[in-house]
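> Task: produce atomic coordinates for the following.
(chains A and B)
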Amino acid sequence: MPEVPADGPATTRRPADPTRGGGPLAAVARFQSILIPVLALAVAFGIGAILIRAQGVNPTYAYTSLFQAAWFSSDGILRTLQKATPLILTGLAVAIPLRVGLFNIGAQGQLILGGLASAWVGYRFLDLPGIVLVPFAIAMGMAVGAFWSWIAGVLKAQRNVHEVISTIMLNSIAAGLVDYFIAGPFKEPGQILPRTPEIAEQAMLPDLGIVPVGFPLAVALAALVAWVFARTTLGFRFTTVGENPSAAGYAGMKLGRTITLAMLIAGALAGLGGAIETLGVTHRYESGFNAGLGFDGITIALLARGNPLGTIPAALLVGTLRAGASNLQFETGIQPEVVDMLLAITLLLVSIPILTKLLFRKSAQEPVSSPVSAPATGGLA
Amino acid sequence: MTAHSPATDGRGAALGAFVRANRVMLLIVGTFLVAAYVWYALDATKATSILRFAWTFSIPLVLGALTGVVGERSGIVNIGIEGQMLASAFAGFFTAAATGSVWIGLLAGMLTGLVMGAFLAWVAVKFQMDQIIAGVVLNIVATGVTSFYYVQGKSLPAAMPVFEIPLLSSIPLIGPVFFRGGIIAFFTLLAVAGLAYALFRTRWGLRTRAIGEYPTAADTAGIDVNRMRLVNTTLAGLLAGAAGVYLSMEQTSTFERGMSAGKGFLALAIMIFGAWFPGRALAAALFFGLTAGIASQLQADRVVAIPQQFVNLLPYVLTLVVLAVAAGRVRAPAAEGTPFVKGEGS
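Now for the predicted structure:
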């Protein structure tokens, strides 16, 4: 979109742009990327209210108790932010490959392996001082996560194996490996539960009052990714490869290397999410921890429409729902899986251009495109 | 492609052409049969049980792969098979438990697959939505809905009946495995044969392949590309639905959260490994099943000391290896994943 020169005359001629000027509809169109997710959320909560009512619970009461648990106490806020932290990172782990046209479903596997690796460092090197141990554990988590996504990246770049299938397989393999390690070599001695020993005290990440220390880090990383996308050569390369691979190829960009790099960064971020979860929240790795943190990353990236900064509010939203869900069950008996369903409905409405179409039917001159810039990869093999 | 030129010079020539075109396949099948019967002669119980394991393992994968074959041959990529299976398993099981009839459950499950297929086709054709994203969203929705409405402690009113084909079921080894089983097991065999015939010997098949390879040409020939894509992908949902019902009602008789466990994606890998041919997909699935069966048998017999978790991972690792090897060798339908807009073709 052409910028209006700041000091130019008001009559500067601009190319006709349907989203500029005009009536209220045009104003709506301008904020489409914010409006659509918000609207989708509202509709999803409306449908959710009907479903909650069908279970014999007052939906207002249910939603209130959910949000109260998440935001109305310092414990609640801490928990919400703790949930949101890895979610921002897994959201980025999906959003970055989306930019180059890859759909990374593998954040889950990358995250749990990263979490396990940092737990291992945390309990294995008890004698190291915190200043060494924390970076070491985090680096290990990121490295393992990056390695895991690198496999998918290389398979895509070298053998053209579709990343959706390979990352799903890698998720299953990661889950199996983790099960093996926490029940075998990494198991806490004398424990019945499959889990690792607790990490060293100096390895634990502190909370700054009601803000876990990982949260500002995750926010900063989201901002960094946004800056890289918008202002750097690397970001330009990513966008070009995603939008038009053949043009990127003619321009001399190395397609395979770009794809692999995007996956590598994504895996490192997901691994970081796992490491922060282990070092800051669970303090060890046990089975069932972080169930679905990686999968929520898909929801978050799509809610944010692939925008790195958008992952922050999206992750806060999902974090709120996740943090409040257990209280919801405690107070009303509604299963916490209601959150999965609310998110699923939201996602459906965000990603399918129905809402866009309803809103902009009259003004739309061209066919409404998919909300997320679609991976230009086409088919499967 | 297989030899399906008209056999002008008699059946012998057609057979010869078939043999030439399928040399590798026939060799593999032949070797496999010889090996299987040698093993059967050595240890009848073990050989039968491994083959049965392989077949029960294969059934949902084959049905899922066929769903993918129909979709992609007509140009629509279906990543949502996993979700279709899960939702159908859920719908089949709980409908059967609620109504007291496994048949109504079966119907409900298959219809669930159909509806989800229709949804995918609809957003792909009408809104030209990215098909990969649509499929993934479908999976997430299926997971969300089935885990929210899941209730414990329900059971099927009755077990699914087991049928036996007289005569054929008394063939050693193969008989009791393939010709004795539930209704979906037989349906799978019929679906493979039926689709292999329909895709390469009927007008529907020719048109389906045309709209997946070169929709513009098909359109010029007067075929309604988008309507056919809608219908095909929708109907293919019945197959994914049957796969789901198989999981919760025939293979086991219970529904668990997330019970499809990646089978929808394994099915896609098998579809690619089988180069989008129904028969080869069946062979590929059996290969997966046999590998998994033999590995767990070896582990149970303590022949090799590998942890159980690693044995369970074998199908997933195998998928990656197979895709890495096969992806460069097979060719997908040219127009898959690309929306067709009249007058914009190349």
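> which helix in the chain runs the most residues?
All of this is about chain A. In chain A, taking DSSP state H as the definition, the longest helix is helix A:130-159.
> oops, I was thinking of chain B
Looking across chain B with DSSP H, the single longest helix is helix B:44-73.
> roughly how far is that helix from the heart of the chain?
Helix B:44-73 sits 7 Å away from the centroid of its parent chain (CA atoms, centre = their mean, to the nearest Å).
> and after that helix, which helix or strand comes next?
Per DSSP states H and E, the first helix or strand lying C-terminal to helix B:44-73 is helix B:81-99.
> if I pick residue 90, what's in contact with it?
Unless you meant another one, I'm taking chain A. Residues near residue A:90 by CB atoms under 8 Å, 6 or more residues apart in numbering or on different chains: A:107-108, A:111, A:269-270, A:273, A:293-294, A:296-297, A:300. Using the backbone N, CA and C atoms, a C-beta is placed for each residue, glycine as well.
> Wait, chain B was what I had in mind.
Residues near residue B:90 by CB under 8 Å, 6+ apart: B:112, B:142, B:145-146, B:149-150, B:244, B:248, B:255.
> Just the closest of these to residue B:64, please.
Of all those, residue B:244 has the smallest distance to residue B:64: 9.1 Å, by CB to CB.
> got any ranges where the stretch 51-200 of chain A has weak pLDDT?
Along the stretch 51-200 of chain A, segments meeting pLDDT under 70 are nowhere present.
> Does the longest helix of chain B reach chain A?
Yes: contact of helix B:44-73 with chain A (CB under 8 Å from any CB of the partner chain) involves residue B:72.
> Show me what counts as buried in that helix.
Residues of helix B:44-73 classed as buried: B:47-48, B:50-73 (neighbour count, 16 or more other CB atoms under 10 Å in any protein chain shown).
> do stretch B:91-101 as well
B:91-97.
> of all the residues in the stretch 1-150 of chain B, which ones are close to chain A?
Checking the stretch 1-150 of chain B against chain A by CB under 8 Å from any CB, the hits are B:72, B:77, B:79, B:123, B:127-130, B:132-134, B:136-137, B:140-141, B:143-145, B:147-148, B:150.
> Okay, and which of the residues you listed map to helices?
Filtering these for helices - DSSP H - leaves B:72, B:123, B:132-134, B:136-137, B:140-141, B:143-145, B:147-148.
> Now compare the residues you listed and name the two farthest from each other.
B:72 and B:148 (31.2 Å).
> what about the nearest residue in space to residue B:254 that is not next to it in sequence, neighbour count?
Spatial nearest neighbour of residue B:254, chain neighbours left out: residue B:248 (6.8 Å); criterion: CB to CB, 6 or more residues apart in numbering or on different chains. Neighbour count for residue B:248, taken as other CB atoms under 10 Å in any protein chain shown: 27.
> you'd agree residue B:248 is up against residue B:91?
No: Residue B:248 lies out of contact with residue B:91 (CB atoms under 8 Å); the separation is 9.1 Å.
> Mutual contacts of these two, please.
Shared contacts of residue B:248 and residue B:91 (CB under 8 Å, 6+ apart): residue B:109.
> Am I right that the residue nearest to residue B:254 sits in a helix?
Yes: counting by DSSP: H, G, I helix; E, B strand; the rest coil, residue B:248 is found in a helix.
> For residue B:266, list the residues it contacts.
B:61, B:64, B:288, B:315-316, B:319.
> Quick check: the farthest pair among those residues?
Using CB to CB, those reach their maximum pairwise distance at B:64 and B:316, which is 15.0 Å.
> Tell me the spacing between the residue nearest to residue B:285 when sequence neighbours are not counted and residue B:52.
Closest residue in space to residue B:285, ignoring its immediate chain neighbours: residue B:58 at 3.8 Å, by CB to CB, 6+ apart. Going from residue B:58 to residue B:52 by CB to CB, to the nearest Å gives 11 Å.
> and if you look at residue A:60?
Here residue A:60 is placed at a distance of 55 Å from residue B:52 (CB to CB).
> Then residue B:59?
Noted for residue B:59: a distance of 11 Å to residue B:52, by CB to CB.
> same question, residue A:228
Between residue A:228 and residue B:52 the computed distance is 54 Å (CB to CB).
> any idea which of the contacts of residue B:90 is the one closest to residue A:334?
Looking across the contacts of residue B:90 and measuring by CB to CB, the closest to residue A:334 is residue B:149, at 11.7 Å.
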